[in-house]
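Q: sequence first, then the predicted structure:
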Amino acid sequence: MKYCKRCVYPETHPHNMTFDTEGVCSGCRTHEEKDVIDWNERLESLKKLAERYRNKDGSNYDCVVPVVGGKDSYFIMHIVTKILKLNPLLVTFNEQYNTKKGIRNLANLLTKFDCDHIQYTIDPGFAKRIVKASMKKNADMYWHCNAGSNVFPVQMAVKFNIPLIIWGAHPLVESVGMFSHHDFVEMSRKTRKEHYVRGHEQLIDDEYNITEKDMKIFEYPSDEEIEKVGVRGIYLNNFFRWDSQKQHEDMIRLYGYESGEQERTFNPYENVHCLYSDGVHDYLKFLKFGFGRATDHACRDIRLKRMTREKAIELIQKYDYKKPEDLKIFLDWIGMSETEFYGCVDPFRDPKAWEKVEGKWKLKDPIIDHVKEEGIDDVRLQKIEERKYILTVSPESDEKDDKPYLLGRGYLDKRNFRAVTD
Ligand SMILES: [Zn+2]
């Protein structure tokens, strides 16, 4: 199997990563653009863009900003309110896999940035039926999260007549380099259809009691409705030199963002809001494509010149192959045995990554066999910075979540840990 000679991404990456003649992946090549782009000029162009969308008479919001209790939300809000000085409407699609930390982070975000917020929680029983159907059909436990968090902000933009949505990093630019920073990729009809609500029709099934009408909540407004309001979705990584680690550290310092240890990766910053994101969800990715979140995070650190390829491979050995403890919590919740779980996944295992040997699945060609290869030193980035991840102190003593939470406390008082500003 082919692995990038600079980072550690395998060719089984689901977003069609490409490799050049030197064996370097498209994500690494796109990342090089970060060092040559004039980011001051980009910021100026973003300020001009924001000016065009500012609601001049103050009768409406200036933009929609999707937020969660993790995942760059603080940084996006910092840019939107402090740098661009816009008045956003914050929106959250409740993925229903919440952690206590994520709930605190979201409450703290709303308080610190002092903005209006709408959260959409779908019927929990329906959410479970969707998860069950999408597990059985696609070995996917995140369909409603991806669809809801991409569709709901667009629905709100149309409903409230707000033509600008501001997202964080576009993953197809930031990690796989399917698009360049020079493309200024925005939310498009094509990505709306192809990436976020793919498999929508497949889930409509009597067996799981999911009707076409139920699934309407996951439909984008029509192209006509979107065009009438003129909704446009922009990504901030086209305007800022995206550095998620540094950004999260600034947010810890400025606003008290909470990080949290993750079972399947060394990076405690991004997915603290979700019980499963760096657990079962990521384990499923590993079982399908042969790599997990530690690989994603290591690739990023290599590109930012903070980690050697050798160290990355060491960390991948520690994290990517680990069966997560939250698997049991998830299976109990959905009512599925472990055998059934693996039964769902096996048909989706990429044959480039996996083979069955004497009845057991085995990685065909793991990254550990690609530590030394011709050409690696030719494309190597020298590590220039040691940047340690910061674990914040949790204000609750019983921190470990043994279940996902549907909703958090909706009021502020002295027990509402750090959501109060005084
Ligand atoms: Zn690479």
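A: Yep, that arrived. Residues are numbered from 1 along each chain as shown.

Q: could you use CA atoms for every contact and neighbour count after this?
A: OK.

Q: quick one: neighbours of Asn237, just the number.
A: For Asn237, the neighbour count with other C-alpha atoms under 10 Å is 20.

Q: same check on the one 4 residues further on?
A: Neighbour count for Arg241, taken as other C-alpha under 10 Å: 19.

Q: who's in contact with it?
A: Lys34, Trp39 (C-alpha atoms under 8 Å, 6 or more residues apart in numbering).

Q: distance check, it against the ion.
A: Distance from Arg241 to the ion, counting by C-alpha to the ion, to the nearest Å: 18 Å.

Q: how close does that residue sit to Glu41?
A: Applying C-alpha to C-alpha, to the nearest Å, the value for Arg241 to Glu41 is 12 Å.

Q: could you do Ile217 as well?
A: Per C-alpha to C-alpha, Ile217 is found 39 Å from Glu41.

Q: of those two, which one has the most company?
A: Neighbours were counted for Ile217 and for Glu41 using other C-alpha under 10 Å; Ile217 has more, 15 against 11.

Q: measure that one to the ion for me?
A: Applying C-alpha to the ion to Ile217 and the ion gives a distance of 37 Å.

Q: what does the pLDDT read for that residue?
A: As predicted, Ile217 sits at a pLDDT of 93.

Q: not including adjacent chain positions, what is the nearest residue to Val80?
A: Leu86 (5.7 Å; C-alpha to C-alpha, 6 or more residues apart in numbering).

Q: what does Met187 give?
A: Gly233 (4.9 Å).

Q: quick one: secondary structure of that neighbour?
A: strand (DSSP: H, G, I helix; E, B strand; the rest coil).

Q: that older thread, OK, contacts around the residue nearest to Val80?
A: By C-alpha under 8 Å, 6+ apart, the residues touching Leu86 are Ala50, Arg54, Asp62, Cys63, Val80.

Q: surely the residue nearest to Met187 and Trp167 touch.
A: Yes. Counting by C-alpha atoms under 8 Å, Trp167 is a contact partner of Gly233 at 7.0 Å.

Q: more neighbours: which of those two?
A: A direct count of neighbours by other C-alpha under 10 Å for Gly233 and Trp167 places Trp167 higher, at 23 against 20.

Q: who's the more buried one bridged to?
A: Tyr235 (DSSP bridges).

Q: what's around Gly335, how many residues?
A: Neighbourhood size, Gly335 [other C-alpha under 10 Å]: 12.

Q: what about it, distance to the ion?
A: Gly335 is 39 Å from the ion, by C-alpha to the ion.

Q: just give the nearest non-adjacent residue to Pro163, would you?
A: Val231 (4.0 Å).

Q: for the ion, what's its nearest residue on the stretch 201-350 of the chain.
A: Cys299 (6.8 Å; C-alpha to the ion).

Q: follow-up on the earlier one: wait, a strand at the residue nearest to Val80?
A: No. Using three-state DSSP, the secondary structure at Leu86 is coil, not a strand.

Q: and Tyr74, what helix or strand is that in?
A: helix 73-77 (DSSP states H and E).

Q: residues making contact with that helix?
A: Contacts for helix 73-77 (C-alpha under 8 Å, 6+ apart): 65-67, 109, 113, 166-168, 236, 247-248, 251, 257.

Q: check which residues of that helix are buried.
A: Residues Ser73, Tyr74, Phe75, Ile76, Met77 are the ones in helix 73-77 that count as buried (16 or more other C-alpha atoms under 10 Å).

Q: following element in sequence after it, please.
A: Counting by DSSP H and E, what follows helix 73-77 is strand 88-93.

Q: how close does the residue nearest to Met187 sit to Ser180?
A: According to C-alpha to C-alpha, Gly233 and Ser180 sit 17 Å apart.

Q: check the residue nearest to Pro163 and give its pLDDT.
A: Per-residue pLDDT puts Val231 at 95.

Q: same question, the one 3 residues further on
A: Taken from the predicted model, the pLDDT recorded for Ile234 is 96.

Q: you'd agree it is up against Ala169?
A: No. Using C-alpha under 8 Å, Ile234 makes no contact with Ala169, being 9.4 Å away.

Q: the ion versus Asp35, what's the distance?
A: The separation that Asp35 has from the ion, given C-alpha to the ion, amounts to 16 Å.

Q: one more: Asp365?
A: 17 Å.

Q: that residue and Tyr3 touch, don't they?
A: No. Between Asp365 and Tyr3 there is no contact under C-alpha under 8 Å: 9.8 Å.

Q: mind listing what the closest residue in space to Asp301 that isn't next to it in sequence touches?
A: The spatially closest residue to Asp301, leaving aside those adjacent along the chain, is Met307, at 5.4 Å (C-alpha to C-alpha, 6+ apart). Met307 makes contacts with Ala298, Asp301, Lys383, Glu386, as judged by C-alpha under 8 Å, 6+ apart.

Q: which one of those residues sits in the busiest neighbourhood?
A: Top of these by neighbour count (other C-alpha under 10 Å): Ala298, with 26 neighbours.

Q: mark which of the contacts of helix 73-77 are buried, thanks.
A: Going by neighbour count (16+ other C-alpha under 10 Å), the contacts of helix 73-77 have Val65, Pro66, Val67, Leu109, Ile166, Trp167, Gly168, Leu236, Gln247, His248, Met251, Tyr257 buried.

Q: bridging residues for the first one?
A: So that's Val65. Here Val65 sits in beta bridges with Leu90, going by DSSP bridges.

Q: is it true that it touches Pro163?
A: No. Counting by C-alpha under 8 Å, Val65 does not reach Pro163; the two are 11.5 Å apart.

Q: how many residues are close by Asp57?
A: The burial count for Asp57: 6, using other C-alpha under 10 Å.

Q: any idea how far it lies from the ion?
A: 47 Å.

Q: just Leu106 next, same as before
A: 33 Å.

Q: angle of the strand or helix carrying Phe152 against strand 88-93?
A: Assigned by DSSP H and E, Phe152 falls within helix 143-159. In terms of direction (axes from the mean of the first three to the mean of the last three C-alpha atoms, to 10 degrees), helix 143-159 departs from strand 88-93 by 150 degrees.
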